[in-house]
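S.K.: Just to be clear, the model below is a prediction. Sequence and coordinates:
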Amino acid sequence: MTLKNCLVYRDGNFVKMDLNVEKGIFVDNPSEPLIDATGYYVMPGFVDSHAHVIGTGHKYGHVNLENVGSIEELLQILQAEDHGVIIGRGWSEEKLGTRPTRQLLDLLEKPVLLIRRCGHVAVANRSLMELTGRWREDGVFKEQDLEQLRKDLPSREDEKFFKIGQEHFLMHGVTFVHSDDLHGLSWENLKEILKDSKMRVFEKVYFPSLSDLEKFDDFGQISDRVIVKAVKLFADGSVGGRTAWLSVPYADDPSNFGTKLIDEEELEKFAILCERKNVQLCVHAIGDEALHMVGKVFSRHPNHRVIHAQLVRNEDLSLLRKSFFSIQPHFAFEDRHLIESVLPKNLKALRYPFLMLFQQGFKIAFSTDAPVSPEDPKYVIECAMKLGFTKQQAIELYTVAGARMAGLNNLGEIKSGFLADFCLYEKNPLDLDEDPVAVYVAGELVYEK
């Protein structure tokens, strides 16, 4: 295939040229069919270095609460739902003015589970808890308890939700997602879902114990577009859920330091086992105490990955120097209220130091953490530029950097010999107000507007 006379992105600019693709690779020589692409802009496909494809499908397939601004509006939306089990995602105290309670949700006659924006906290009503057989007096489920509750939900329809999530990534030009989907379903079910993926997926698999990882033997390529090559662990939770692990207590909860989800000895054993299996260990760590522990382990085990890194002590930077980072620039703006009112004033840590990490040469790549935030790269790039990244830097951190973090050195750029993942735009995509009209993975059309 040859696209004639298109405008191809190269190092921050567009160059008028023919784009040649053969057997899923960019090549130098033209081949059939010849397609007139005069006036079309071509960008490399975006690479999201940390998101949840099935979770993004849930956001659009269940009840999306991210724009709900009051408890009264929340109740109206839930009362209008006619599903047997009502699952909502995306609420936050900042928008609602308070946290929804079990007593409030008990007013509804159907089972209800409302998952906070961060995904680390949820509120269930009595009907939902009776349905699943899991009980909390206040209806609040956090971290591992929430993970167990999700497994007991009926009618999960994860294949449908994967396809919904995939479509939303593709429509924004994301051709490759480092995904984290093994929540509440079996690996065998997830593997079957992933085999039919249109886009590239680098799957990070969660294991509750070392013995589970020891027995797992499905690492590697499971299709031409899906590779399972990473392990996902949690060192702590989220700031909004008051479960990020801090060195000092939260400003609005003086007895709460957050939640430690793994200890240093166990984390080191995971790192050693991951190295033996030749896979990357990816650790969710947000609070400064969590980053300190992860830094100590990763200083002895380089080239593993930190996900988020929102609160980092200066003295821990040297420990984390040889690590990769999946970061979310937009959190510096979305979490502004939390930074000002929830984080303690005496917390001696750098807050959302994403630009500084980049400027000091740390290996970072951008991500959305969708469905926590919009899966649209334009949103992330705009936020990164507000932090001080240039547009070209932001694009590179959203393309080639994410590819290299997954061990793919032939992806994320439009050049001969690279994998042919690219997007066509009718207008200049650098204006950041356009989505692609066509998306290709390995030279195959996978999405058309």
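M.R.: Cool, the structure landed.

S.K.: pLDDT below threshold where in the stretch 51-200 of the chain?
M.R.: Counting by pLDDT under 70, the stretch 51-200 of the chain contains low-confidence residues at 155.

S.K.: got the residue ranges for the strands in it?
M.R.: With DSSP state E, counting those that start in this stretch as the definition, the stretch 51-200 of the chain shows strands at residue ranges 63-64, 86-91, 112-116, 121-124, 140-142, 174-179, 200-206.

S.K.: who wins for proximity to Cys274 among the ones you listed?
M.R.: Taking CB to CB as the measure, those were each checked against Cys274, and strand 200-206 came out nearest at 10.8 Å. For glycine as for every other residue, the C-beta is placed from the backbone atoms N, C-alpha and C.

S.K.: What distance do you get for the residue nearest to Cys383 when sequence neighbours are not counted to Asp316?
M.R.: Closest residue in space to Cys383, ignoring its immediate chain neighbours: His330 at 3.9 Å, by CB to CB, 6 or more residues apart in numbering. Between His330 and Asp316 the distance, using CB to CB, to the nearest Å, works out to 23 Å.

S.K.: Neighbour count for these two, which is higher?
M.R.: Per other CB atoms under 10 Å, whichever of His330 and Asp316 has more neighbours is His330, with 24 against 21.

S.K.: what are the phi and psi angles of that one?
M.R.: Dihedral angles phi and psi of His330 (degrees, to the nearest 10) take the values phi -70, psi -20.

S.K.: That one reaches Tyr379, doesn't it?
M.R.: Yes. Counting by CB atoms under 8 Å, Tyr379 is a contact partner of His330 at 6.3 Å.

S.K.: quick one: common contacting residues for the two?
M.R.: Among the neighbours of His330, those also in contact with Tyr379 (CB atoms under 8 Å, 6 or more residues apart in numbering) are Thr368, Ser373.

S.K.: For the stretch 201-350 of the chain, which segments count as strands?
M.R.: Counting by DSSP E, counting those that start in this stretch, the stretch 201-350 of the chain has strands at residues 220-221, 226-234, 280-285, 305-308, 311-312, 324-327, 350-351.

S.K.: Indicate which one of those strands is closest to Pro111.
M.R.: Ranking the strands of the stretch 201-350 of the chain by their distance to Pro111 (criterion: CB to CB) puts strand 226-234 first, at 26.5 Å.

S.K.: what's the closest one in contact with?
M.R.: Taking CB under 8 Å, 6+ apart as the criterion, the residues outside strand 226-234 that touch it are 143, 178, 180, 182, 194-195, 197, 200-207, 213, 218-222, 261-262, 267, 270, 274, 279-284, 305, 307, 406-407.

S.K.: filter the residues you listed to the buried ones?
M.R.: Listed as buried from the contacts of strand 226-234 are 143, 178, 180, 182, 194, 197, 200-207, 213, 219, 222, 261-262, 267, 270, 274, 279-284, 305, 307, 406; burial here means 16 or more other CB atoms under 10 Å.

S.K.: So this protein: which segments form each domain?
M.R.: Structural domains annotated on the chain: 2-44+419-448, 49-53+157-405, 54-151, as defined by automatic domain parsing.

S.K.: and the ones you listed, which is most packed in?
M.R.: Of all the domains of the chain, domain 49-53+157-405 has the most neighbours on average by mean count of other CB atoms under 10 Å, namely a mean of 20.

S.K.: how about the strands of the stretch 201-350 of the chain in a markdown table, adding mean pLDDT?
M.R.: Listed next are these as a markdown table, based on pLDDT from 0 to 100:
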| stretch | mean pLDDT |
| --- | --- |
| strand 220-221 | 96 |
| strand 226-234 | 97 |
| strand 280-285 | 98 |
| strand 305-308 | 98 |
| strand 311-312 | 98 |
| strand 324-327 | 98 |
| strand 350-351 | 97 |
